[in-house]
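Peer 1: got a sequence here, can you build the structure:
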Amino acid sequence: MKPYLQFVKIIICAVLIFTSLKVNSQSNIAPQATVSAFGYNLMGTDWNQIKDQNLGNCETFQCKLFTTNPTNGLEYMQWQWPISRQIRQIIIHHGQTTGNFLTGGTVQFWNGSSYVNYFTFSNLNQSNCVNTITLPNNINTSRLRIVNLVPGVGFQGDFTFREIEIIQSPLPNDIGISSIDTPTTFTPGIQNFKVTVNNFGSNQISNFNINWQVNGVLQTPIPFNLLLDSLGGNLSTNQSVSLGNFMFSNNKAYTI
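Peer 2: Presented below is the predicted three-dimensional model:
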């Protein structure tokens with residue numbers, strides 16, 4: 001079966017009013033998780049701020065995990081989802097670089113009955129307000145923990161954060177429109193639509209139809225026969241495609 005291309009919704013009234021484009025399927029799934037942490041104290045802050053998608057500013061913090069000084073190895077941070085997820089990266093937005101800085105730890109995952117050590121990271125760059133931890137392979141789990149927290153230089157008793165993102169790995173057969181290339185200005189008359197088709201998925205893909213509608217009326221499907229490489233591959237993952245022409249009237253809304 002040929003994959004169906006997820007398309008984009010546009011509402012126009014002579015000029016562009018609203019556009020919704022797919023940007024990246026490597027999504028941050030932390031906001032969907034139930035988060036918790038264990039330490040000496042959480043400083044009375046709302047630990048849910050660790051996943052609220054407010055990245056704040058460097059040298060400020062939203063969450064603080066108090067620990068003993070030095071840490072005693074009992075501290076942890078945890079994310080739990082209602083179903084298993086494919087996890088590839090952890091992005092840490094540190095609160096401060098002068099101290100209270102997490103430089104290392106051990107990533108654990110839930111195997112259905114207990115937590116299992118999977119990957120130990122170390123020497124995160126303390127001059128960076130943001131560090132990315134890329135796991136050796138995808139983890140398929142419903143629970144994730146970071147334990148054995150290692151502090152950097154400066155005060156070593158606590159850890160401050162602005163956000164921690166958990167990045168889901170690419171999924172197969174995941175295609176989308178990443179941009180509308182033409183027209184750039186919507187006016188009444190015949191308009192030619194060109195879009196960029198992007199492969200956001202984990203596998204190479206070709207031979208699919210681009211299906212599009214105008215106000216619920218299916219237009220002529222556009223066959224696509226070129227190869228789009230997988231996300232992170234060596235070949236091109238995107239291609240500009242002409243969808244064809246459409247006559248637009250003035251003072252009329254369109255859904256495409």
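
Peer 1: please name the nearest non-neighbouring residue to the spatially most central residue of the chain.
Peer 2: Of all residues in the chain, the one closest to the mean position by Cα atoms, centre = their mean is residue 27, 2.2 Å from it. Closest residue to residue 27 apart from its sequence neighbours, by Cβ to Cβ, 6 or more residues apart in numbering: residue 168 at 5.4 Å. The way it works is simple: take the backbone N, C-alpha and C, and place the C-beta from them, glycine included.

Peer 1: what's near enough to touch that neighbour?
Peer 2: By Cβ atoms under 8 Å, 6 or more residues apart in numbering, residue 168 lies in contact with 26-29, 85-88.

Peer 1: do residue 161 as well
Peer 2: Contacts of residue 161 by Cβ under 8 Å, 6+ apart are 50, 61-65, 92-95, 102.

Peer 1: isn't there a strand covering it?
Peer 2: Yes: under DSSP: H, G, I helix; E, B strand; the rest coil, residue 161 sits within a strand.

Peer 1: just the buried residues from the contacts of residue 168, in ChimeraX please.
Peer 2: Buried residues among the contacts of residue 168 (16 or more other Cβ atoms under 10 Å), as a ChimeraX selection:
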select :26,27,28,29,85,87,88
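
Peer 1: quick one, phi psi at residue 32?
Peer 2: phi -90, psi 0 (degrees, to the nearest 10).

Peer 1: which helix or which strand is home to the residue nearest to it when sequence neighbours are not counted?
Peer 2: In space, residue 32 comes closest to residue 81 once its chain neighbours are excluded; the distance is 6.1 Å by Cβ to Cβ, 6+ apart. Following DSSP states H and E, one finds residue 81 within strand 76-94.

Peer 1: show me the strands in the stretch 101-250 of the chain, by range?
Peer 2: Here the stretch 101-250 of the chain has its strands, by DSSP state E, counting those that start in this stretch, at 102-110, 115-121, 130-151, 158-168, 175-182, 189-199, 208-210, 213-214, 217-218, 222-224, 238-248.

Peer 1: number of nearby residues for residue 136?
Peer 2: By other Cβ atoms under 10 Å, the residues close to residue 136 number 7.

Peer 1: with adjacent residues omitted, what lies nearest to it?
Peer 2: Using Cβ to Cβ, 6+ apart, the nearest residue to residue 136 is residue 119, at 6.2 Å.

Peer 1: also residue 111?
Peer 2: Nearest to residue 111 is residue 141, by Cβ to Cβ, 6+ apart, at 7.5 Å.

Peer 1: returning to what we had before: who does the strand holding residue 81 pair up with?
Peer 2: Its sheet considered, strand 76-94 pairs with strand 34-38 (antiparallel), strand 130-151 (antiparallel), strand 158-168 (antiparallel) by DSSP bridges.

Peer 1: give me whichever of these is most buried.
Peer 2: Among the strands paired with strand 76-94, ranked by average contacts under mean count of other Cβ atoms under 10 Å, first place goes to strand 158-168 (a mean of 23).
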